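Engineer: below are the sequence and a predicted model; questions follow.
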Amino acid sequence: MTRYEPAIDLDAITAIDVHVHIEVDHHGHSSLPDDLRDAAAKYFSSDGPNPDLDGVAAYYRERRMAAVVFTVDARTNFGHAPISSADIAEGAARNNDVLIPFGSVDPLVPTAVDDARRLIEDHGVRGFKFHPTVQGFDPSDPAHSPLYETLQDAGVVALFHTGQTGIGAGLPGGRGLLLALSNPMLLDPVAARFPELQIIMAHPSVPWQDEALSVATHKHNTWIDLSGWSPKYFPESLVRAANSYLRSRVLFGSDFPLLTPDRWLRDAEQTALKPEVMPGILKDNAARLLGLAG
């Protein structure tokens, strides 16, 4: 086992993509059950490449970018074995010039805290990805406080999906997945109780964009990543915030493989995002958050 340590040359890269999914492992195991995988592919009209971790590393290396990579452990809600976060960390250690591993633990399993601690101490993950809708948990529930305390004490990042999701879309009853669990306002009490825990609210939080901006304005341990939507569809209020009062806490993310960094960058040129804020969004803010700068 090789513990991850970053070897990223910030001067050699143009961007840090903070939102990259590993959807298939080296055995061909998918992160989603078959019905959800097929429904998501239809929803996102995605039929492009879906590389394994080493393929993701090659893809980002070719673009002179670094990438935060993760999966989502929803074993309780889906009854489906997750891709191994330990394997993702091991793969990131092989590709530590371009990859940064985040772990994922299922908050509903009794071993969640121990699992998180093991991923931090033994494997060197730099953060954790949570998807409240997919994992079927209320992030504001105090029952999860021991998990958040573990992350805060370790100085790692907590990245939460916010807003609507294409996972389950079109299936009967959305396959039982609850969108309201991903309202960013549920992260406000987490940020309040754990003021040193750095929290990323992923995606334009449609239909709760104003809620996300409110939380980020009030709680300065929260950040917003711009993944999952083409920039040309960003709400005007989000663009205004990224250009001004939240410019130091907004992060580039693509949602690869569902949205590629190539398309994100191309479409960003059609927006009102100011050229002077782009270096921070694309690289500098993430480098500071992830402890890669200075």
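Structural biologist: In hand now; what should we look at?
Engineer: what about the helices in the protein?
Structural biologist: Remark: helices of the chain, listed N- to C-terminal, are 34-44, 53-62, 75-78, 85-94, 112-123, 132-135, 145-154, 188-193, 209-218, 236-243, 261-268, 278-279, 285-289; assignment by DSSP state H.
Engineer: please identify which of those helices is closest to His203.
Structural biologist: When the helices of the chain are compared for distance to His203 using C-beta to C-beta, the nearest one is helix 209-218, at 8.8 Å. All C-beta spots, glycine's among them, are computed from the backbone N, C-alpha and C.
Engineer: just the C-alpha atoms of the closest one, please, in PDB.
Structural biologist: What follows is helix 209-218, C-alpha atoms only, in PDB (Å, rounded to 0.1, in the frame of the first residue of the first chain):
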ATOM      1  CA  GLN A 209     -29.100  28.900  -5.900                       C
ATOM      2  CA  ASP A 210     -30.000  31.800  -3.600                       C
ATOM      3  CA  GLU A 211     -29.800  29.500  -0.600                       C
ATOM      4  CA  ALA A 212     -26.300  28.400  -1.600                       C
ATOM      5  CA  LEU A 213     -25.100  32.000  -2.000                       C
ATOM      6  CA  SER A 214     -26.600  32.900   1.300                       C
ATOM      7  CA  VAL A 215     -24.800  30.100   3.100                       C
ATOM      8  CA  ALA A 216     -21.500  31.000   1.400                       C
ATOM      9  CA  THR A 217     -21.900  34.600   2.200                       C
ATOM     10  CA  HIS A 218     -22.600  34.000   5.900                       C
END
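Engineer: which other helices and strands contact that helix?
Structural biologist: Here helix 209-218 touches helix 188-193, strand 199-202, strand 222-225, helix 236-243, going by 3 or more C-beta pairs under 8 Å, 6 or more residues apart in numbering; DSSP states H and E.
Engineer: out of the helices of the chain, which one sits most buried?
Structural biologist: Comparing the helices of the chain by mean neighbour count (mean count of other C-beta atoms under 10 Å), helix 132-135 ranks first with a mean of 24.
Engineer: give me the residues contacting it.
Structural biologist: 72-74, 76-78, 106-108, 138-139, 160-161, 165, 167-168, 177-179, 181-182, 186 (C-beta atoms under 8 Å, 6 or more residues apart in numbering).
Engineer: buried subset of those residues?
Structural biologist: The neighbour-count test (16 or more other C-beta atoms under 10 Å) marks 72-74, 77-78, 106-108, 139, 160-161, 165, 167-168, 177, 179, 181-182, 186 as buried among these.
Engineer: restricted to strands, list those.
Structural biologist: Phe160, His161 (DSSP state E).
Engineer: which residues does Ser31 contact?
Structural biologist: By C-beta under 8 Å, 6+ apart, the contact list for Ser31 reads His21, Ile22, Glu23, Val24, Thr71, Val72, Pro82, Ile83.
Engineer: by neighbour count, which of these wins?
Structural biologist: When neighbours are counted by other C-beta atoms under 10 Å, Ile22 leads those with 28 neighbours.
Engineer: make a markdown table out of the helices and strands packed on helix 209-218 and add distance to Leu32 and mean pLDDT.
Structural biologist: Converted to a markdown table, these look like this (distance: least, C-beta to C-beta, whole Å; pLDDT from 0 to 100):
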| stretch | distance to Leu32 | mean pLDDT |
| --- | --- | --- |
| helix 188-193 | 26 | 98 |
| strand 199-202 | 17 | 98 |
| strand 222-225 | 21 | 98 |
| helix 236-243 | 28 | 98 |
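Engineer: for those, give me JSON lines that also has distance to Arg249.
Structural biologist: Supplementary listing: the helices and strands packed on helix 209-218 in JSON lines, determined by distance: least, C-beta to C-beta, whole Å:
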{"stretch": "helix 188-193", "distance to Arg249": "12"}
{"stretch": "strand 199-202", "distance to Arg249": "9"}
{"stretch": "strand 222-225", "distance to Arg249": "5"}
{"stretch": "helix 236-243", "distance to Arg249": "9"}
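Engineer: these: which one's closest to Arg63?
Structural biologist: When the helices and strands packed on helix 209-218 are compared for distance to Arg63 using C-beta to C-beta, the nearest one is strand 222-225, at 17.9 Å.
Engineer: who does that closest one pair up with?
Structural biologist: Counting by DSSP bridges, the strands paired with strand 222-225 are strand 199-202 (parallel), strand 250-251 (parallel).
Engineer: give me the distance between it and the centre of its chain.
Structural biologist: Relative to the chain's own centre, strand 222-225 is displaced by 10 Å; criterion: C-alpha atoms, centre = their mean, to the nearest Å.
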